Structure formats: structure tokens, C-alpha cells
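J.: Need a 3D model of the following:
(one chain, ligands or ions: 1)
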Amino acid sequence: MKKRKPIRGVLLDIEGVLVRDKRYRPVAGAVAWVTALRDRGVPYCLVSNNTTFRPADLIAALVRAGFPVTEDHLVGALDLGRRWLVERGRRRIMWLGNPDLVDYWRDLGFAPVTDGPCEAVVLGVNTRVSVGALDQALPALLDQSADLVCLHRNPFFLDEKGERRLGPGAWAAALAAVGGAGRVITVGKPSEKIYTDALNRIGVAADEVLFISDDPVNYLVTARRLGMTTAFVLSGKYPDHAVLGGLAEQDWPHIISNSLGVIERPASSVADDGPTKD
Ligand SMILES: [Mg+2]
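T.: Below is the predicted model:
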């Protein structure tokens, strides 16, 4: 096997890696691990499919948990979704994600509708979505050629009790099957753009980056195909590696670890903190 290059940058999933679930309590050792990256000058970025919190609130929850992060460390599906809609002039949207975020979309200049014509149906995590709410999207998809914008397509996630709940991937599968004339797109992981945006953010080439996630199926396959080193941690969605049985061997993660805290930390990017080897 080709020798891998030294790691010069790190991309991190949030839930299941830094924090265990939507309670946002840190995984043991995770705060110290990320703090060490900062202290060593290793660039890092959070690559998040979170659609439950406004980006500022998401970062505030992580700061409260002790992580050294700012909004500059975040590349998220919510913001990619915003950009996709703005670039295509989709202003009237039917938001079927977290109802608490309706004002978020309004603050950004969108006109959220609950029924009536719209240009895009937008999906995020919503444990309260009803079949009736999904029905409301049918005229938009079938009669108005509205786009179906999936902020992500995770089939399930862990809620604030650590319980598995159906994610927007389930609603996306149902609404995509309707066969509307608009586009069906996914902006978050596993689509490539969120990964390449994160690489640009840290300014490190894919083959010198370590991507760490609790989801080897939906998140790490893309990272590995883009050339990154991948690490699967067992501190989130999957308590063991049985899930890898469904993956082709070339998509398996390079590293499997109980949690972030026990993964070997990348060396400093600062040249003067140790003897140099020439
Ligand atoms: Mg995760």
C-alpha cells in the first residue's frame, strides 16, 4: 500500500465525535484533543450536517462544552443550503426542518411558506414532522416544479436522550419518490462540496488531511474517495464496527478508534518545537 503523507490538517464531525448526541456533552478526551490541535497550530474545521441549531448557537453550545471553536471553524449544511437557494433565486421555501428555525430563514431574507406556492421544499432534522406536513409539499413538487433541497440525507441520528430517531433521509426518500419535475439535491455530507469547502477553509490538500467521524457509511466514504485519511470513532451512532460489513473494502476507514481522545494527534505544523529530521 502507498505510504500516506503526514497529517497537516483535521476535519471533524461534531455529533458522535466531539459530543455524543444532541445534549452536546463532550466525549471524554475530546476537548483536550482539539485544544492540542489549536496549541500546535494544526488547522482544523468542523464539517457539520447539523440542521437543528443556528450556526452561532451551535458554536456557542460547543464553546460551553469547552471546545476552542469559532464560526470560522464551521462549514455546515445549513449555510450550504442557504447559498444554493440564494444562487438560484429560490426565495419562497417550504421548510420542513426544525420549526424553531423558521425565523432563521426569514432573517436571511427567505419567505417560508407552510402551504401555497413555493420554489423549493427544504428538508432538515425534524422529529415533529407529520405525514400531513409532507402532504403539503406535494402540490409544490408535482405542480410547481419546486426543487427538493435536502440539507442532508442521514437516515437516522441520536436525539437529546441518545435515542435513535429517523432523519431527513427518510423524508427525502419519500418525497424524491414522488417524481416532481424540480431538482433533487443534497448539500451536506455525503455530497462532495461540503468536503471541498472545508479543505479550502483549512488550506490543506486532501491527502494531508485526517477526517474523523462516527458515521463510516454516510460520511467517511466520500472523505476517503477524495484522498483523505479516515478515522471511524465508536463514540456515536455505531457502538462497534459491524456496520462496515455493508461497505466495500476500499471504502473502509483507515483507522477505527473508541473515541477521538485516543487517536494519535497530528504533529505540530510549527517547525521549531522539536528536533528536525533531515
Ligand atoms: Mg456524527
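
J.: so who does residue 136 touch?
T.: Contact analysis of residue 136 by C-beta atoms under 8 Å, 6 or more residues apart in numbering lists 94, 114, 115. (Glycine included, C-beta is placed from N, CA and C.)

J.: List buried residues within these.
T.: The neighbour-count test (16 or more other C-beta atoms under 10 Å) marks residue 94 as buried among these.

J.: and the contacts of residue 136 near the ion, which?
T.: Applying C-beta under 5 Å from the ion, the subset of these adjacent to the ion is empty.

J.: Using pLDDT, spot the least trustworthy of the contacts of residue 136.
T.: In terms of pLDDT, the weakest of these is residue 115, which scores 83.

J.: the helices in the chain, which residues?
T.: Applying DSSP state H to the chain gives helices spanning 30-40, 55-64, 77-87, 102-107, 131-143, 168-176, 192-202, 221-225.

J.: ok, now how distant is the residue of the chain found nearest the ion from residue 254?
T.: When scored by C-beta to the ion, the chain has residue 16 as its residue closest to the ion, at 3.6 Å. Separation of residue 16 from residue 254 (C-beta to C-beta, to the nearest Å): 18 Å.

J.: quick revisit: enumerate every residue touching the residue of the chain closest to the ion.
T.: Going by C-beta under 8 Å, 6+ apart, residue 16 touches 158, 213, 214, 215, 233, 235, 236, 237.

J.: Let's see which of the contacts of residue 136 end up in strands.
T.: The strands, defined by DSSP state E, take in residue 94 from the contacts of residue 136.

J.: that older thread, skip the chain neighbours and tell me the closest residue to the residue of the chain closest to the ion.
T.: Closest residue to residue 16 apart from its sequence neighbours, by C-beta to C-beta, 6 or more residues apart in numbering: residue 236 at 1.9 Å.

J.: Report pLDDT for the one you found.
T.: pLDDT, residue 236: 93.

J.: circling back to that earlier point, kindly reformat the helices of the chain as a markdown table and extend each row with distance to the ion and mean pLDDT.
T.: Listed next are those as a markdown table, based on distance: least, C-beta to the ion, whole Å; pLDDT from 0 to 100:
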| stretch | distance to the ion | mean pLDDT |
| --- | --- | --- |
| helix 30-40 | 12 | 97 |
| helix 55-64 | 13 | 96 |
| helix 77-87 | 12 | 97 |
| helix 102-107 | 21 | 96 |
| helix 131-143 | 25 | 94 |
| helix 168-176 | 13 | 94 |
| helix 192-202 | 13 | 97 |
| helix 221-225 | 13 | 97 |
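
J.: Many thanks, have a good one.
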